[in-house]
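Chemist: Structure for this input, please:
(2 chains)
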Amino acid sequence: MAKLTEIRWHGRGGQGAKTAALLFGEALLGQGKYIQAFPEYGPERMGAPVQSYNRISDQPITIHCGVTSPQVVVVLDPTLMDTVDVTSGLPEDGTIIINTDQPASKFRQKLGLNSQRVHTVDASRIAMETIGRNIPNTPMMGALVRVTGLVDLEEMLEDTKKKLEKKFRSKPEVIEGNLAAIRRAYDEVKSDQEG
Amino acid sequence: MATQTKERVALTGNEAAALAMKQINPDVCAAYPITPQTEIMQIFSSYVADGLVDTELVTVESEHSAMSASIGAAAAGARAMTATSSQGLALMWEMLYIAAGLRLPIVMPMVNRALSAPINIHCDHSDSMGCRDSGWIQINSENAQEVYDNLIQAIRIAEHPDIQLPAMVTFDGFIISHGMEIVDTLNDDDVKAFIGPYKPAYSLLDVDHPITVGAIDFTDYYFEHRRAVAEPMFHAHKVIEAVAAEFEQKFGRKYGLFEAYKMDDAEVAIVVLGSTAGTAKVVVDELREQGIKAGLVKIRVFRPFPYRQLADTLSGVRAVAVMDRSDGLSGFGGPVFGEVRSALYDAKQRPIVVDYVYGLGGRDITLEHISSVYQDLLTIQKTGEVPTQLVKYLGVRE
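Modeler: Predicted coordinates for the structure are as follows:
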């Protein structure tokens, strides 16, 4: 397997961490990638910390063990960082993307990170302003595309649009809202290196 | 003929199983929920509600009844399916033997999950291994694609005039059942043409040719009837391989009794089934890059057991590790170990064979775990000595 990207999503039960991994996987499938998306199954309760995962590669993926050392960590809920070790297994060249209205520089020290890349985006606000609900997982897909460079944004948006059109034929505002959310998070995600 | 892929889609193993069932369009399906299988029947029942299949869905009150209803439907000449996991399979127990004894070609997705106690919802193979001697054909799947392809092939295998036995298609609970990956799907018409119409040799509803089903045999004929149940298991490999060959010719994906991965010159090898095979292939590739002649055998058909073909493939390998995702509690390792070791008794160049019981109750099996098994095999190859401890537990705290 030449190049395998592993992603870990952190959220709270009910926030859509599982759906985010599935949607992101599907979006990348549309771009010719091989993908896996799977949740961590445990006693599930609304609000309890949950994790889900993606594997992405240009070649078929046969590995089926858990993801313990992801290159990218996505945090859907910043309050998780007080109780969950979100950087567990994150390598020195890894990347963390946090949904927060705070600057990225604030989290490097708090999380005890060294050379890892830290990115932030206010995905909750973007979701409220575009979709009308606090579902940060959709905009986070835009931030992920920007930070990982795995696929082309415009092509992914085109593919996502087609999929949403099938699902929400009678609700065009839902389609436009989701696409706008992805695009805005793509544009607005910031790293602490950018100042 | 070119590969006739309809669409490349992202599906969980359960979604792939439900889609295969939709395209198979069985006459009767008995439904009862159990984690992690529930989703299959949930999705399939929506197909029934939406009128996308012609199936008579029978919602029953237990797995015992699910298998009983399937048996009744199959005896009446219907193409019957159901699905289960773990305790559900255990509750089906006496009916499993009856389905096989009556030669009814019921096909059942079986999502592997540990057996109680303690209660656990995650994957191991204790459930399907427990019924390995019930007369069901057992086909194991590594991933969602294989779940889909194996279910379609299982219909042909089970219903073949020379077989006439029930078949279960197994796959790993949560790891495959709830994990989404890429599946190349087939056109409805192509699946329909491949499986063909079901023409039962006998039917309870064929009043012009009345038969008795479920009769009593004492010392006079019981043995002969059980001998007849055993007979197709001696020949099923031919049918399974022929169905696989036709599947490959039509749809481009190759299947066999087992997959021999980088075995041609292998000196050390792992024998494994299910999703762990995919993880182990990554380790084999890494070892090959280091110049180590490692290989892997993934058993697809566990019943009937391909002992002769396995012996041919493993003969000459210096050290073999069988990986068992269930414990035989026999004092002699897991069930796959017993079968493989027995198969190798007549091998021309018999390898040293050891067993690793792993992954019980969903315990993660990592690349490092599998690497450690190959390292043990390399040590055995070097010393040429049979380890005093034949059976080891991998990844357990003790």
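Chemist: Which residue, other than its chain neighbours, is closest to A:Thr148?
Modeler: A:Val72 (6.2 Å; CB to CB, 6 or more residues apart in numbering or on different chains). For the C-beta atoms, the positions are set from N, CA and C on the backbone; glycine is no exception.
Chemist: give the contact list for the one you found.
Modeler: By CB atoms under 8 Å, 6 or more residues apart in numbering or on different chains, A:Val72 lies in contact with A:Thr5, A:Glu6, A:Ile7, A:Arg8, A:Gly94, A:Thr95, A:Ile96, A:Ile97, A:Leu144, A:Val147, A:Thr148.
Chemist: and the stretch 151-300 of chain B, which of its residues are near chain A?
Modeler: Neighbours of chain A within the stretch 151-300 of chain B, by CB under 8 Å from any CB of the partner chain: B:172, B:174-176, B:178-182, B:275-279, B:281-282, B:285.
Chemist: ok, then the element right after the helix or strand bottoming out on mean pLDDT in chain A?
Modeler: Lowest on mean pLDDT, DSSP states H and E among the helices and strands of chain A sits helix A:153-167, with a mean of 87. The helix or strand immediately downstream of helix A:153-167 is helix A:172-188, counting by DSSP states H and E.
Chemist: what's that next one packed up against?
Modeler: When contacts are defined as 3 or more CB pairs under 8 Å, 6 or more residues apart in numbering or on different chains; DSSP states H and E, helix A:172-188 packs onto helix A:123-130, helix A:137-148, helix A:153-167.
Chemist: Could I get the full set of strands for the stretch 51-200 of chain B?
Modeler: Using DSSP state E, counting those that start in this stretch, the strands of the stretch 51-200 of chain B run over B:56-59, B:80-81, B:107-112, B:137-140, B:167-172, B:180-186.
Chemist: okay, and for the chain, where does confidence drop off?
Modeler: With no chain named, the answer covers chain A. For chain A, residues meeting the criterion pLDDT under 70 lie at A:1-2, A:42-44, A:194-195.
Chemist: um, chain B though
Modeler: Within chain B, the ranges that satisfy pLDDT under 70 run B:1-4.
Chemist: gap between the residue located most distally from the centre of chain A and chain B?
Modeler: Here the centre of chain A is the reference, and by CA atoms, centre = their mean the most remote residue is A:Ser170, at 27.2 Å. In this view, A:Ser170 and chain B are 18 Å apart by CB to the nearest CB, to the nearest Å.
Chemist: measure that residue to A:Leu164 for me?
Modeler: 12 Å (CB to CB, to the nearest Å).
Chemist: now the contacts of A:Val72 as JSON lines including distance to A:Phe107, neighbour count and secondary structure?
Modeler: As requested, the contacts of A:Val72 are exported to JSON lines (distance: CB to CB, whole Å; neighbours: other CB atoms under 10 Å in any protein chain shown; DSSP: H, G, I helix; E, B strand; the rest coil):
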{"residue": "A:Thr5", "distance to A:Phe107": "22", "neighbour count": "17", "secondary structure": "strand"}
{"residue": "A:Glu6", "distance to A:Phe107": "21", "neighbour count": "21", "secondary structure": "strand"}
{"residue": "A:Ile7", "distance to A:Phe107": "18", "neighbour count": "25", "secondary structure": "strand"}
{"residue": "A:Arg8", "distance to A:Phe107": "16", "neighbour count": "28", "secondary structure": "strand"}
{"residue": "A:Gly94", "distance to A:Phe107": "14", "neighbour count": "19", "secondary structure": "coil"}
{"residue": "A:Thr95", "distance to A:Phe107": "12", "neighbour count": "20", "secondary structure": "strand"}
{"residue": "A:Ile96", "distance to A:Phe107": "8", "neighbour count": "26", "secondary structure": "strand"}
{"residue": "A:Ile97", "distance to A:Phe107": "10", "neighbour count": "28", "secondary structure": "strand"}
{"residue": "A:Leu144", "distance to A:Phe107": "17", "neighbour count": "29", "secondary structure": "helix"}
{"residue": "A:Val147", "distance to A:Phe107": "14", "neighbour count": "19", "secondary structure": "helix"}
{"residue": "A:Thr148", "distance to A:Phe107": "19", "neighbour count": "16", "secondary structure": "helix"}
